[in-house]
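make a model of this:
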Amino acid sequence: MYVHSTEEDTTSRYPALDQITDNPLHLWKDQSKDSFMLTLASTFLTDEEFYIILLFIIYTLQLINICAIIANSLSIAVFVKLGFSEPSNISLTALAICDFTLAVLLTWSNVSFWLTYHNVRLPFHSANVYFLTGGTQWAFLSSTVAWITAFISFERCLCILFPLKVKRLITPKGTFISMLIIILLTFCPSFFTYIRYKFVWEFNPYLNITILNTIPVNSEFAILFEKINILICGVIQPLLAFSTVLICTVLLVVQLRKISSWRMSVTSAKSQRVQSEENPASGSSAAKARISQKEERLVRMVVAIATIFIVSYIPTCIVALCDVVFDEFHLFGVYRRLFIVSGYIISLGQPISGSVNILIYYKMASKFRSVFRRLVRLDRQEQERHELE
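Numbering: from 1, shown residues only. The predicted model follows:
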């Protein structure tokens, strides 16, 4: 009986998987038209390096996904208990729901790669089927998160610039309608992907069975429609949302500094207190001071959320631009390995952002902290501990 050597067992695995040309992890090196991208794909991503990097990212990503699912579930529960009389609760709930859904889709992505990596024999092509049942939805939902964050930042800008008119400008009903419009314009176009790609049953000679697979539709209309859809929804919308968040965050920081310095000058001048009591016209200034002080903590919370989003979303913008510049930079293209690795790397930012948000809410929002402690029974545990002592 022939026995494989230890060296053969550790090295034969990767070529065996790479020789399966219909496997989504296979790299078509002889079809490259770009020498730079081919060099990048072949030199820096060998078979073994490719799988090791992906496995490390996926296991790390899954741990973060679990944290994001738990954190956003708790956030949604707290906001439901707080009610939706405040417009900010509606937008933050929508953000938590989207972050929760993103974590679920990323979990399905990890499962899909694990099945493909271990060559699990299933009646469907796990990685390609995931492309139409989770990958596309994740990409467009990321744009939805970007626009919700942009809306929250813009809403706080209005609160700073027009503190006395903000209740008329921003209402719970208006915020709810805005969330529906954002979802309609950013997430729903993901279903247009089914014009370019479709599910088919095809015979797999390697498995010797008929499996469910995803194939591209190579009609001129489908290809043109996909390019337009990717350009508008996959590039222009995310970059515009990112720019909006960035501009609003800068404005919020500048206005916060102005308000803080103005409040310090007012409180330090005793003579102005006397003038405010004697001069009725200064009542509006006092009202502005009270409103600004009341909103300041919420604004700081929004700045923290937006800052984390900006940091985590920069790689997504870079990959979106690469998708437009390089024609073969997609799941079914020559540079599929670079596309997969970069996709998993940028996907780390979303669950991290979703996991950290609950810490920001807890730290900066007293009502959220109070309801959260009651929800997880922290207050009762502390009370029982004090009674025992």
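
so which residue is smack in the middle of the protein?
By CA atoms, centre = their mean, the chain has its centre lying nearest to residue 350, at 3.5 Å.

ok, it - contacts?
Residues in contact with residue 350, defined by CB atoms under 8 Å, 6 or more residues apart in numbering, are 68, 99, 102-103, 106, 142, 145, 312. Yep, even glycine has a C-beta here, placed from its N, CA and C like the rest.

just the ones of the residues you listed in helices?
Counting by DSSP state H, the part of the contacts of residue 350 found in helices is 68, 99, 102-103, 106, 142, 145, 312.

and the helices in the stretch 1-150 of the chain?
Secondary structure of the stretch 1-150 of the chain (DSSP state H, counting those that start in this stretch): helices located at 6-11, 13-18, 35-43, 47-82, 87-117, 126-130, 136-161.

with the stretch 201-350 of the chain instead?
Under the criterion DSSP H, counting those that start in this stretch, the stretch 201-350 of the chain contains helices at 220-229, 237-268, 270-278, 283-325, 336-347, 349-364.

and the ones you listed: which comes nearest residue 161?
helix 237-268 (7.3 Å; CB to CB).

the closest one vs helix 136-161, what angle?
If you take axes from the mean of the first three to the mean of the last three CA atoms, to 10 degrees, helix 237-268 sits at 30 degrees to helix 136-161.

start the count at 44 instead of 1 going forward.
Fine by me, first position is 44 from now on; the one you just mentioned is helix 280-311.

what sits against residue 186?
Residue 186 makes contacts with 229-230, 276-277, 280-281, 284, as judged by CB under 8 Å, 6+ apart.

look up how far residue 240 lies from it.
Separation of residue 186 from residue 240 (CB to CB, to the nearest Å): 19 Å.

again, but for residue 363
Look at residue 363 and residue 240: by CB to CB, they are 19 Å apart.

before we move on, what about residue 211?
Distance, residue 211 to residue 240, by CB to CB: 46 Å.

pick out whichever of the two has more residues nearby.
Neighbour count, other CB atoms under 10 Å: between residue 211 and residue 240, residue 240 has more, with 19 against 9.

how about that one: which residues does it bridge to?
Here residue 240 sits in beta bridges with residue 259, going by DSSP bridges.

my guess is it contacts residue 257, does it?
Yes - the criterion here is CB atoms under 8 Å, and residue 240 meets it with residue 257 at 5.5 Å.

shared neighbours of these two, which are they?
Listed as contacting both residue 240 and residue 257 by CB under 8 Å, 6+ apart are 174-175.

so where is the stretch 144-293 of the chain shaky, pLDDT-wise?
Counting by pLDDT under 70, the stretch 144-293 of the chain has low-confidence residues at 250.

repeat the analysis, applying 90 as the threshold.
For the stretch 144-293 of the chain, applying pLDDT under 90 flags the ranges 149, 151-186, 189, 198-214, 229-286, 289, 291-293.

can you pick the most crowded of the contacts of residue 186?
The residue in these with the most neighbours, by other CB under 10 Å, is residue 284 (26 neighbours).

ok now do it, which residues does it touch?
Shown in contact with residue 284 (CB under 8 Å, 6+ apart): 186, 189-190, 192-193.

go through those residues and say which is closest to residue 203.
Nearest to residue 203 out of the contacts of residue 284 is residue 193 (CB to CB; 15.8 Å).

neighbours around the closest one, how many?
23.

pretty sure it contacts residue 288?
Yes - taking contacts as CB under 8 Å, residue 193 lies within contact range of residue 288: 4.8 Å.

so what sits against both of the two?
Common neighbours of residue 193 and residue 288 (CB under 8 Å, 6+ apart) do not exist.

how deep is residue 348 tucked in, by neighbour count?
For residue 348, the neighbour count with other CB under 10 Å is 24.

need the pLDDT of it.
Note for residue 348: predicted pLDDT of 88.

contacting residues around it?
192, 195, 400, 403.

residue 178 versus that one, what's the distance?
Distance, residue 348 to residue 178, using CB to CB: 26 Å.

one more: residue 145?
According to CB to CB, residue 145 stands 12 Å off from residue 178.

what do you get for residue 135?
Using CB to CB, residue 135 is found at 27 Å from residue 178.

and for residue 296?
Distance of residue 296 to residue 178, given as CB to CB: 35 Å.

more crowded one of the two?
Using other CB under 10 Å as the criterion, residue 296 and residue 178 rank with residue 178 on top: 24 against 15.

which residue, other than its chain neighbours, is closest to that one?
residue 152 (6.6 Å; CB to CB, 6 or more residues apart in numbering).

hmm, that neighbour is touching residue 391, no?
No - Residue 152 lies out of contact with residue 391 (CB under 8 Å); the separation is 11.9 Å.

looking at these two, which is more packed in?
Neighbours were counted for residue 152 and for residue 391 using other CB under 10 Å; residue 152 has more, 24 against 17.

returning to that earlier point: out of the ones in helices among the contacts of residue 393, who's nearest residue 413?
Using CB to CB, residue 142 is the member of the ones in helices among the contacts of residue 393 that sits closest to residue 413, with 22.4 Å.
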